[in-house]
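*Asks:* Sequence first, then the predicted structure:
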Amino acid sequence: QAAVAAVGADAGWVKGHYRAGQALVKLGRFKEAVEAFDGALRHVGEDDPNLQRLRREQEEAREQARRAPEGARDAREAADGARAAGDWEGALELYTRGLSLAGGEGSERLGLLNGRAECLMHMGELRRALQDCDEALRLSPDSLEALLRRGRAREELERFGAAAQDFRGALQLRPTSQVASAGLRRALA
């Protein structure tokens, strides 16, 4: 944001355009990154030592924009596929991208949060997984998936009382859930 604001104040500031482009790539906003690199290239001479690097990074952003999912649903489908293939880091990146495209509410956001929570748990980032589960449950208090994942994360963090509450909540939604039953037994043991 700071780089974009600085470029707004001085449209000829090459470094500002460049930094904005780099930040936008990291945020998964590839089309905007290409535009930021365009801004830098408009103000760089042919003899500038940074010209080739700028062109290369712009082309990389352009290629990522071509491959990037266009919407939250595309991102979720790609992330689900990556997760099924065991590519947890790739799936995490795609779920995060989908969340940036999804907006504030809706079933698509819920699915993205639940998927990302699963990736985070698999990668040992339990506190971040809890945050995603909490947000998913704010969107949909009866999300069985979010309750089960949050229960597992709390169990791993040795918050057994809270885990038991989540597993009980899951059993209220689906009394035949063997996963919730087993989780509740472990949490109470």
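*Replies:* Received it, and whenever you're ready, just let me know what you need. Worth saying up front: this structure is predicted, and the values here are computed from it rather than measured.
*Asks:* Give me the nearest residue to G169, chain neighbours excluded.
*Replies:* The shortest distance from G169 to any non-neighbouring residue, by CB to CB, 6 or more residues apart in numbering, is to L147 (5.0 Å). Bear in mind the C-beta positions are built from the backbone N, C-alpha and C, glycine included.
*Asks:* What helix or strand is the residue most central in space within the chain located in?
*Replies:* Nearest to the mean C-alpha position of the chain, by CA atoms, centre = their mean, lies T96 at 1.2 Å. Counting by DSSP states H and E, the secondary-structure element that holds T96 is helix 88-102.
*Asks:* same for that helix, what does it pack against?
*Replies:* Counting contacts by 3 or more CB pairs under 8 Å, 6 or more residues apart in numbering; DSSP states H and E, helix 88-102 packs against helix 72-84, helix 107-122.
*Asks:* among those helices, which is nearest C133?
*Replies:* helix 107-122 (5.1 Å; CB to CB).
*Asks:* on that earlier part again, hang on, the residue nearest to G169 packs against L173?
*Replies:* Yes: the criterion here is CB atoms under 8 Å, and L147 meets it with L173 at 7.1 Å.
*Asks:* higher neighbour count, these two?
*Replies:* L147 (27 against 14; other CB atoms under 10 Å).
*Asks:* confidence score at that one?
*Replies:* Among the per-residue scores, L147 holds a pLDDT of 98.
*Asks:* Name the residues of stretch 112-128 that are buried.
*Replies:* 112-121, 125-126, 128 (16 or more other CB atoms under 10 Å).
*Asks:* Contacts for that stretch next, please.
*Replies:* Stretch 112-128 has contacts (CB atoms under 8 Å, 6 or more residues apart in numbering) with 72, 75-76, 79-80, 83, 88-89, 91-92, 95-96, 98-99, 102, 129-130, 132-133, 135-136, 139, 143, 145-146, 149-150, 152-153, 156-157.
*Asks:* if you set the cut-off to 6 Å instead, what comes out?
*Replies:* 76, 79, 88, 91-92, 95, 98-99, 102, 129, 132-133, 135-136, 145-146, 149, 153, 156-157 (CB atoms under 6 Å, 6 or more residues apart in numbering).
*Asks:* Perfect, that will be all.
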